[in-house]
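> From the sequence below, what's the structure:
(one chain, ligands or ions: 3)
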Amino acid sequence: MRFSPLITDLYELTMLAGYLEEGMHETPAVFDLFYRQNPFKGGYAVFAGLDTALTYLENLAFDKEEIAYLKGLNLFRPRFLEFLRDFRFRGRITAPAEGTVVFGNEPLLTVEGNLAEAQFVETALLNIINFQTLIATKAARIAHAAGNAKVIEFGLRRAQGPDGGSSVARAAYIGGVRSTSNVMAGMQYDIPVKGTHAHSWIMAFPDELTAFRAYADVFPDSSILLVDTYDTLKSGMVNAITVAGELRAKGHELVGVRLDSGDLAYLSRQARRMLDEAGFTEAKIVASNEVDEYVIESILSEGGKVDIYGVGTKLATGMGDGGGALGGVYKLVRIGAEPKLKVTSDIAKATLPDRKKLLRALSEDGSCIMDIIALADEKIEIGRKVYNPVNPLQFTHIPTGVRLTELRTVAMEEGKRTGSSSTLDQLADRCRQQLACLPQGCLRFINPHTYKVSISSGIHDLRLRLMEELQQA
Ligand SMILES: Nc1ncnc2c1ncn2[C@@H]1O[C@H](COP(=O)(O)OP(=O)(O)OP(=O)(O)O)[C@@H](O)[C@H]1O
Ligand SMILES: O=P(O)(O)OC[C@H]1O[C@H](OP(=O)(O)OP(=O)(O)O)[C@H](O)[C@@H]1O
Ligand SMILES: O=C(O)c1cccnc1
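Ligands and ions are numbered 1, 2, ... in the order given. From the prediction side, this is the model:
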């Protein structure tokens, strides 16, 4: 799939033209992509979007029409337009695998290349990684709340445009949502497609029973009937059970019913009772209507009997406190041989300089203990002093008995992928396994436990030295 290189902010192009004029375009540079606060005021994020980002980078090239369009802006010199003809990304990408659980301040993607290519890809990489990571995280929260119940993604109609809808389905799958109603995403990413029918199907027929019978006739082995058009318990459930009986008499089974309004806890309990009493113990109950992780928790706390949640708007738009968008940023951390620091009066916003590695300390049973951000060539040993990245007065030591693993690998070298893509199932499995290894409190929605992310003494000392140098300058 080709992404146009014009999927960018104008300033990436003006800076690129400027670097060319200044003769800086070939200077080696390193950028880190990271976010500061976990989305949804939650305890973690699920990294997603890498494969999409690599596809973008691998195919990055301006075609004739795009260059002609830029020429028509009367902004750029001919030499720059000429330069764009052979412009490609030939750098290195270091990143965690998709589905990895990550935290604020951790370098996610590190982009190394010449200043021209490494700067230019900022906007597109942020667009891809911010959105998919946000949605994978929301999906993981919803799937966690749902427990043994399954979740179908119903969000296309409320997603941020048709392409946003496809990214939603992909990222939601990584986060633990098992299927989508989005047929294009099904074809593109081999995600199982699932669905029921709308209220308009019922309204198009003279009455509800006739509508149910007609649907069941066409789909005798895959009907989920929407029971809330008139009255869920007095009409919808009664008619659905009639049709379930008729189907069984012909050797078929009703797959289930869908509730789309009212108190989903109460209605699902009643619907379950009615289905069971009529002998349809295997028929599933699907619940939809502005469902999110909080609604699911509430339904479960009241003994709701939902087998499958259909989740649309709140998943597809990453809605929620601290949601809506992931605030990932892209910062220069090294240029030429010099580590770089962006300082503000707020140390929490000062960037972490230089090329880094990201380590995770695991206990013997694989539980996550803490993450450590260190300089790429720094030796990190058990017992070493490490610092809180936003409050260097707080420090701790890497505990004994842990095993340190590198969370990131080189995913692209000289503009080419270093390995083949994983399947979405492998990415979703990784996410599930990693969430199971987090401290339990990180998964809770209200005031989650803050997972410890520390910086090494190497980064700490380098940051202090650079800050002092800047103050003296
Ligand atoms: N047991 C429950 N616990 C918490 N929230 C619930 C429960 N049951 C339903 N909800 C949520 O309450 C809200 C119900 O909203 P509202 O009352 O506007 O819908 P409705 O009138 O039932 O349906 P509609 O307006 O779509 O016909 C939805 O967001 C739904 O997800
Ligand atoms: O509520 P969401 O999580 O976004 O899930 C998708 C919703 O989309 C459909 O109805 P739509 O909202 O189009 O109309 P309706 O609810 O008024 O029938 C469906 O019936 C769900 O209610
Ligand atoms: O198949 C469904 O029931 C469905 C699909 C999209 C949105 N709401 C419901």
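
> What parts of this protein come near ligand 1?
S261, G262, D263, L264, A265, N289, E290, V291, V295, S298, I299, E302 (CB under 6 Å from any ligand atom). C-beta coordinates here come from the backbone N, C-alpha and C atoms, glycine included.

> out of these, which touch ligand 2?
Answer for the residues of the chain next to ligand 1 near ligand 2 (CB under 6 Å from any ligand atom): N289, E290, V291.

> Select only the buried ones of these in PyMOL?
Typed into PyMOL, the line below selects the buried ones among those, using 16 or more other CB atoms under 10 Å:
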select buried, resi 289+291
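
> nearest to ligand 1, of the ones next to ligand 2 among the residues of the chain next to ligand 1?
E290 (3.3 Å; CB to the nearest ligand atom).

> List the contacts of the closest one.
Taking CB atoms under 8 Å, 6 or more residues apart in numbering as the contact definition, E290 lies against T313, K314.

> what's the following helix or strand after the longest helix along the chain?
In the chain, assigned by DSSP state H, the helix with the most residues is helix 122-146. Heading C-terminal from helix 122-146, the first helix or strand you meet, by DSSP states H and E, is strand 150-153.

> list the buried ones in the strand or helix carrying G458?
Per DSSP H and E, G458 falls inside helix 457-472. Going by neighbour count (16+ other CB under 10 Å), the buried part of helix 457-472 is S457, G458, I459, H460, L462, R463, L466.

> isn't the first one right up against K385?
In this case it means S457. Yes - under the criterion of CB atoms under 8 Å, S457 makes contact with K385 at 5.7 Å.

> Pull out the buried residues from the residues of the chain next to ligand 1.
Here, 16+ other CB under 10 Å leaves L264, A265, N289, V291, V295, I299 buried among the residues of the chain next to ligand 1.

> how would you label the fourth one: helix, strand or coil?
Taking DSSP: H, G, I helix; E, B strand; the rest coil as the rule, one finds V291 in the coil state.

> How about the contacts made by it?
With CB under 8 Å, 6+ apart, V291 has these contacts: I142, L264, Y309, G310, V311, K314.

> Low-confidence bits of the stretch 201-350 of the chain, can you list those?
For the stretch 201-350 of the chain, the stretches with pLDDT under 70 are 345.

> which parts of it sit against ligand 3?
Residues of the stretch 201-350 of the chain lying near ligand 3 (CB under 6 Å from any ligand atom): R258, S288, G310, G312.

> Not counting residues beside it along the chain, what's closest to the second one?
Translated: S288. G310 (3.5 Å; CB to CB, 6 or more residues apart in numbering).

> And the helix or strand the one you found falls within, what does it pack against?
Assessed by DSSP H and E, G310 sits inside strand 308-311. Contact here means 3 or more CB pairs under 8 Å, 6 or more residues apart in numbering; DSSP states H and E; on that basis strand 308-311 packs against helix 122-146, strand 150-153, strand 284-287.

> Pairing partners for that strand, with directions?
strand 150-153 (parallel), strand 284-287 (parallel) (DSSP bridges).

> can I get those in TSV with distance to D365?
As requested, the strands paired with strand 308-311 are exported to TSV (distance: least, CB to CB, whole Å):
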stretch	distance to D365
strand 150-153	28
strand 284-287	36
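
> which residues of the stretch 51-200 of the chain fall in helices?
Using DSSP state H, counting those that start in this stretch, the helices of the stretch 51-200 of the chain run over 64-72, 78-85, 115-120, 122-146, 161-175, 183-189, 199-203.

> tell me the mean pLDDT over the first one?
Helix 64-72 shows a mean pLDDT of 98.

> likewise the fourth one?
Helix 122-146 shows a mean pLDDT of 98.

> Number of residues surrounding P220?
16 (other CB atoms under 10 Å).

> Contact partners for it?
L247, K250, H252.

> again with K284
I224, V255, G256, V257, D307, I308.

> Can you tell me how far it is from M274?
14 Å (CB to CB, to the nearest Å).

> For these two, list the residues in contact with both.
By CB under 8 Å, 6+ apart, no residue touches both K284 and M274.

> quick one on the thing from earlier: what about the strands paired with strand 308-311, which gets the closest to M184?
The closest of the strands paired with strand 308-311 to M184 is strand 150-153. By CB to CB, the value is 12.6 Å.
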